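Novice: heads up, no residue letters with this:
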């Protein structure tokens, strides 16, 4: 899950390369929801081995009320810190292979 600076907007999606996707959000490389609302702070992530499980989880969480999504984030990240910057630093390079809901899936299950 990614959010904006004030944590007012949440974006949920899956990706095969989390680091690359976060980079794209941070630098507004694509038009759309995340660019419009400046959603670029990674606050929650789950890893999956199976792309179908990631898609099912994404659909499940998207249906939740905002309060339930907030509780999910707060159990892992109570201060709503940018997990990407915590892990990689603010000027990190982009590399790596994953799938995710802003959830990661391992490389061996991309097909």
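Specialist: Cool, got the structure. Nothing here was measured: the structure is a model prediction, and the numbers come from that model.
Novice: So which residues of this protein form helices?
Specialist: 18-26, 33-36, 51-63, 66-76, 83-88 (DSSP state H).
Novice: so for the first one, what's the average pLDDT?
Specialist: The pLDDT scores in helix 18-26 average 89.
Novice: What of the longest one?
Specialist: When the per-residue pLDDT values of helix 51-63 are averaged, the result is 96.
Novice: Which helix or strand in this structure has the lowest average pLDDT?
Specialist: Within the chain, no helix or strand scores below strand 104-105, which has a mean of 42 by mean pLDDT, DSSP states H and E.
Novice: Highest mean neighbour count out of the helices of the chain?
Specialist: Ranked by mean neighbour count, the helices of the chain are led by helix 18-26 with a mean of 21 (mean count of other CB atoms under 10 Å). Any C-beta I mention is one placed from the backbone N, CA and C, and that applies to glycine too.
Novice: Who are the packing partners of that one?
Specialist: The contact analysis (3 or more CB pairs under 8 Å, 6 or more residues apart in numbering; DSSP states H and E) places helix 18-26 against helix 83-88.
Novice: nearest to residue 6, of the helices of the chain?
Specialist: helix 66-76 (13.3 Å; CB to CB).
Novice: Report the inter-axis angle for the closest one versus helix 51-63.
Specialist: Here the directions of helix 66-76 and helix 51-63 differ by 120 degrees (axes from the mean of the first three to the mean of the last three CA atoms, to 10 degrees).
Novice: How far away from the center of its chain is helix 66-76?
Specialist: Centroid separation for helix 66-76 versus its chain: 14 Å, with CA atoms, centre = their mean, to the nearest Å.
Novice: can you list contacts of it?
Specialist: Identification of contacts with helix 66-76 by CB atoms under 8 Å, 6 or more residues apart in numbering yields 1, 10, 12, 43, 44, 61, 64, 80.
Novice: Can I get the buried part of those residues as one ChimeraX selection?
Specialist: Remark: buried members of those, expressed as a ChimeraX selection using 16 or more other CB atoms under 10 Å:
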select :1,10,12,43,44,61
